[in-house]
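K.L.:
When you get a sec, could you give me coordinates for this:
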Amino acid sequence: MTPKLDPAGNVTTAPGFRAGGTFAGIKTAGEGKLDLGILAADFPCVVAATFTQNRFRSAAVEVNVEHLADARARAVVVNSGCANSSTGERGMADAREMAALVAAKLGIASTEVLVGSTGVIGQYLPMDKIAAGVSAISLAHDGGSVFSRAIMTTDTRPKHGAVRFGPYTLGGCCKGAAMIHPNMATMLAYLTTDAPVEPGFLRAELRAAVDRSFNMVAIDTDTSPSDTVLLFARDPAGQPGALDAKSPLAAEFRAALQAMCTHLAREIARDGEGSTRMMEATVTGAASEAEARNLARLLTTSYLLKSAVHGADPNWGRISAVIGRSGAAFDEADVTIDLCGARVFERSRPTDFDPAAVSAAMRAELVPIAVSLGNGPGTATAWGCDLTPEYVHLNADYTT
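P.N.:
Numbering: from 1, shown residues only. Take a look at the predicted model:
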């Protein structure tokens, strides 16, 4: 049974977490704009994390790897507007100072504070503004929505949610609209739960959930140097009924985490820069899960197909071309292609579908594409968005 997700929830819906945000002046001023946020736990936490596979890793990622040597932390501070990446030793010192500023504010060790930075690459953080911003932030147990806004860059809206499992809650938020390609988790995402969870189980379940959610969303085939997913859970030390792989609640926790990550991944695809509609590509009948995953991802990243989706053009040849170059094993006679619920190709030939009706269906917010290869048990789903002139305009003028 899929847990019921509350899209109005956030990272402080789980009891015991506080958050807040402010406009520190890192980004250009604008009405309601925020650019610095803090998320903190009232109790000791274990933390599972996944980080970018881009070899140009931001200073924040490097510092987080250091601070998570014992898999424990109590807080994270995140700035938007500056990625603090490719900034050398000064960038590392600035990331460490961000952690120290928040540690002093909360009365904890600096190694208990993690860091996130997102925005323009190759620029230094304005540490005087960040110091003033950290001082100005008030943390509240209902501050999750403010934190969600503070971590946004070109996002058009905050992305968050929460889900219940057993007596516990799992909340989360993320940011991401461009430089999005699944190679770990191409964005920043923060998850919280009041459940006490064994660290090894927490790591394993986060990796599995990320692989089937954030790693299956793409906007433009570019991977950020800042990509981070952090999952905070109550430290199980001394806690009765701590969750592990053998716990009665293990399956419920797994389902809740998968539902939360999938929801956030879909929200990223829905908010792709300049996009007008979301693509959902489902592949079944592949010889293996790996082949299904590869094909689903290729479908959401094909510029020809993304352009066709933008134009509501039911040119299913864009789909068959991707299938043919994917490397997947299949017999053409076994392949079927459905576009917006209409069967457009089967038995090696086009069907007698209504192009006008399919085109009209493609103008909806969600454009589902379903491919069956008829060659095995492999299945996967990926998410993306259409390619629009606005995407080009936004990124042509990003720093100018």
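
K.L.:
So what pairs up with residue 80 in the strands?
P.N.:
Partner residues in beta bridges with residue 80, using DSSP bridges, are residue 118.

K.L.:
Give me the neighbour count for it.
P.N.:
The criterion is other CB atoms under 10 Å. On that basis, residue 80 has 27 neighbouring residues. C-betas here are computed from N, CA, C, even on glycine.

K.L.:
Use 16 as the first number from now on
P.N.:
From this message on, residue numbering opens at 16, which makes the last subject residue 95.

K.L.:
Give me the pLDDT value at it.
P.N.:
The predicted local confidence for residue 95 comes out at a pLDDT of 95.

K.L.:
now residue 64
P.N.:
What the model reports for residue 64 is a pLDDT of 96.

K.L.:
Would you agree it is in contact with residue 242?
P.N.:
No. Taking contact to mean CB atoms under 8 Å, the distance of 10.6 Å between residue 64 and residue 242 leaves them out of contact.

K.L.:
So if I had to pick from those two, which one is more boxed in?
P.N.:
With other CB under 10 Å as the criterion, residue 64 and residue 242 differ in neighbour count, and residue 242 comes out ahead with 28 against 23.

K.L.:
where does the residue lying closest to the more buried one once chain neighbours are set aside fall, phi/psi-wise?
P.N.:
In space, and not counting its chain neighbours, residue 242 is closest to residue 67: 3.6 Å by CB to CB, 6 or more residues apart in numbering. Dihedral angles of residue 67 (phi, psi; degrees, to the nearest 10) stand at phi -50, psi 150.

K.L.:
Identify the single longest strand in this structure, thanks.
P.N.:
Assignment by DSSP state E gives strand 51-66 as the longest strand of the chain.

K.L.:
Return the list of strands paired to that strand, each annotated with direction.
P.N.:
The strands beside strand 51-66 in its sheet (DSSP bridges) come out as strand 32-37 (antiparallel), strand 87-97 (antiparallel), strand 243-249 (antiparallel).

K.L.:
now for the very next helix or strand once past the last one, which elements pack on it?
P.N.:
If you walk from strand 243-249 toward the C-terminus, the next helix or strand you reach (DSSP states H and E) is helix 265-285. When contacts are defined as 3 or more CB pairs under 8 Å, 6 or more residues apart in numbering; DSSP states H and E, helix 265-285 sits against strand 20-21, strand 174-180, strand 183-190, strand 203-211, helix 214-227, strand 293-301, strand 393-400.

K.L.:
Distance to residue 87 and mean neighbour count for the ones you listed - can I get that in CSV?
P.N.:
Formatted as CSV, the entries for the helices and strands packed on helix 265-285 read as follows, by distance: least, CB to CB, whole Å; neighbours: other CB atoms under 10 Å:
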stretch, distance to residue 87, mean neighbour count
strand 20-21, 28, 18
strand 174-180, 23, 24
strand 183-190, 19, 27
strand 203-211, 13, 26
helix 214-227, 8, 19
strand 293-301, 37, 23
strand 393-400, 33, 24
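
K.L.:
per-domain residue ranges of the protein.
P.N.:
20-285, 293-411 (automatic domain parsing).
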